[in-house]
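Trainee: build me a model:
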Amino acid sequence: MIHRSDLVRVLESRNGRAALISIYGDDPATLAVQRERWSRLAALFAGQYPEQQQIRLFSTPGRTEVGGNHTDHQSGRVLCASVDLDIIALAAPNQDDVIRLKSEGFPGMDIVDLRQLDPVREEREHSASLIRGIAAGMRNRGHAIGGLDIYTTSRVPKGSGLSSSAAFEILVATMIDSLYNENSLSPVERALIAQEAENQYFGKPCGLMDQCGCSVGGFIAIDFAITGQPQVDQVHFDFAHSGHALIITNTGGSHADLTDDYASVPRDMSAVAAACDHQVLRQVSEDDFWERLPHLRGTVDDQAILRAIHFFADNERVLRQKEALQQDRFADFLEEVSASGRSSWTCLQNVYSATFPREQPVAVGLALSDRILAGRGACRVHGGGFAGTIQAYVPHDLVDTYLETMSAVFGQEACSLMQIRQIGSTELQVD
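Mentor: Numbering: from 1, shown residues only. The predicted structure is shown next:
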């Protein structure tokens, strides 16, 4: 732990600089911005918790989906990566058996009494439920928990498809683990606890990709073939030397209620699996699917069949993307990204809502990206689809043009320029 008044000095020390470089890279301007950000957070922490003199520093990245669009809910494979947009926190233990968490820019404070860890109905869909659920999950697994005073600030935009909620969950799990369990949990164990909290306490069904992406770090391939036991492999690739920037653009939300559109994807895929006598498509042999196709067209609708075709293609594509990165064949990786994007548009059909075809912000974003890139780089729908974000890998010489053009169409705050971060959720070792 360090004294909060020493934070600025510590971050400028050799160890502090090394800790920042490990997360944000070695660009001097970026490091200066981050030092100022941490310094400002220390002032906020001191104002909120004046009695707390000793602090510890934590950072959890957002994540971007790289491959495997809508494959996880069918026990498929995904490829994702952590990014250099993060939530940072200062934390100190307290003796009150209470977790108090204040987030910059949000009213009020989350206050969770650790003596009562059952779900609280009034907390559902609020961040306090996630804190309570994570604490309960850790205690139920035999891990220690205890009081904390926390102040956070985030650069992971809400609604960006970068999993701000999962980053928050993993941050809380990391702080409890570091302060009360000497970092005894693996990144995947933290992810499983966070997923459980979101499902059971927050009240939102979710897969495990988001939590793993924020927890592990770098590119990771996840195989969900065995329920509750994901196989997670780090994929070592230095994106900083790829000659490309990663840009996520928020094309805007739809005015329509897209709940049924999102629900229709797993429903359609599961219907095809059921017609093949299985629960999820991962259990279905692709050869068996094609052999059954004449019969399937009389059993399920064509959209469901197309979505199953997408699943089989994208599930195998993840393996090729993983191999291309491992072998430093970035051009081949980009070809697979483009192929995944085409499959999402034509087969998965999650680029716009068929119920509201006159609203197509994602399609406009992809078409405009194709025009700017002109056969270079790659772009695809990002995440759930139907509205929201797209992902583009943009050659460095086109970055300014891409940002200027996309911002003119979708708004000055629409584009997020980022790098792949090699370290997942972590405590900064600065002393």
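Trainee: hey, where'd the helices end up in the stretch 101-250 of the chain?
Mentor: For the stretch 101-250 of the chain, the helices defined by DSSP state H, counting those that start in this stretch cover 127-140, 164-181, 187-197, 209-216.
Trainee: closest to G252 out of the ones you listed?
Mentor: Closest to G252 of the helices of the stretch 101-250 of the chain, according to C-beta to C-beta: helix 164-181, at 17.4 Å. No exception for glycine: its C-beta is placed from N, CA and C like everyone else's.
Trainee: tell me what that closest one is packed against?
Mentor: Judged by 3 or more C-beta pairs under 8 Å, 6 or more residues apart in numbering; DSSP states H and E, helix 164-181 is in contact with strand 54-67, strand 77-94, helix 127-140, strand 147-154, helix 187-197, helix 209-216, strand 426-427.
Trainee: go with 6 Å
Mentor: strand 54-67, strand 77-94, helix 127-140, helix 187-197, helix 209-216 (3 or more C-beta pairs under 6 Å, 6 or more residues apart in numbering; DSSP states H and E).
Trainee: let's have the ones you listed in CSV, adding distance to P119, mean neighbour count and mean pLDDT.
Mentor: Formatted as CSV, the helices and strands packed on helix 164-181 follow (distance: least, C-beta to C-beta, whole Å; neighbours: other C-beta atoms under 10 Å; pLDDT from 0 to 100):
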stretch, distance to P119, mean neighbour count, mean pLDDT
strand 54-67, 24, 26, 96
strand 77-94, 23, 24, 97
helix 127-140, 7, 23, 97
helix 187-197, 10, 24, 94
helix 209-216, 19, 31, 93
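Trainee: closest to R380 out of those?
Mentor: R380 sits nearest to strand 54-67 of all those, at 9.0 Å, using C-beta to C-beta.
Trainee: next, the angle strand 147-154 makes with that closest one.
Mentor: Relative orientation of strand 54-67 and strand 147-154, computed by axes from the mean of the first three to the mean of the last three C-alpha atoms, to 10 degrees: 50 degrees.
Trainee: show me how far strand 54-67 is from its chain's centre.
Mentor: Computed by C-alpha atoms, centre = their mean, to the nearest Å, the chain-centroid distance of strand 54-67 equals 10 Å.
Trainee: and if you look at stretch 68-83?
Mentor: That offset, for stretch 68-83, works out to 11 Å (C-alpha atoms, centre = their mean).
Trainee: do stretch 402-412 as well
Mentor: Centre-to-centre, stretch 402-412 and its host chain are 23 Å apart (C-alpha atoms, centre = their mean).
Trainee: what average pLDDT does it get?
Mentor: Average pLDDT, stretch 402-412: 97.
Trainee: would you mark the buried spots in it?
Mentor: For stretch 402-412, burial by neighbour count (16 or more other C-beta atoms under 10 Å) applies to 402-403, 405-406, 410.
Trainee: now stretch 314-330
Mentor: Residues of stretch 314-330 classed as buried by neighbour count (16+ other C-beta under 10 Å): 314-315, 317-318, 320-322, 324-325, 330.
Trainee: coming back round to it: and the buried residues of stretch 402-412 as CSV, adding distance to Q53 and secondary structure?
Mentor: Formatted as CSV, the buried residues of stretch 402-412 follow (distance: C-beta to C-beta, whole Å; DSSP: H, G, I helix; E, B strand; the rest coil):
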residue, distance to Q53, secondary structure
Y402, 47, helix
L403, 43, helix
T405, 50, helix
M406, 46, helix
F410, 45, helix
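Trainee: tell me the one of those residues nearest G383?
Mentor: F410 (16.2 Å).
Trainee: one step back: T30: which of the helices of the stretch 101-250 of the chain is closest?
Mentor: Across those, T30 has its closest neighbour in helix 164-181 (19.2 Å, C-beta to C-beta).
Trainee: who touches that closest one?
Mentor: For helix 164-181, the external contacting residues (C-beta atoms under 6 Å, 6 or more residues apart in numbering) are 58, 60, 62, 87, 89, 91, 93, 130-131, 134, 138, 143-146, 156, 158, 183, 185, 190, 193-194, 210-211, 214-215, 425, 427.
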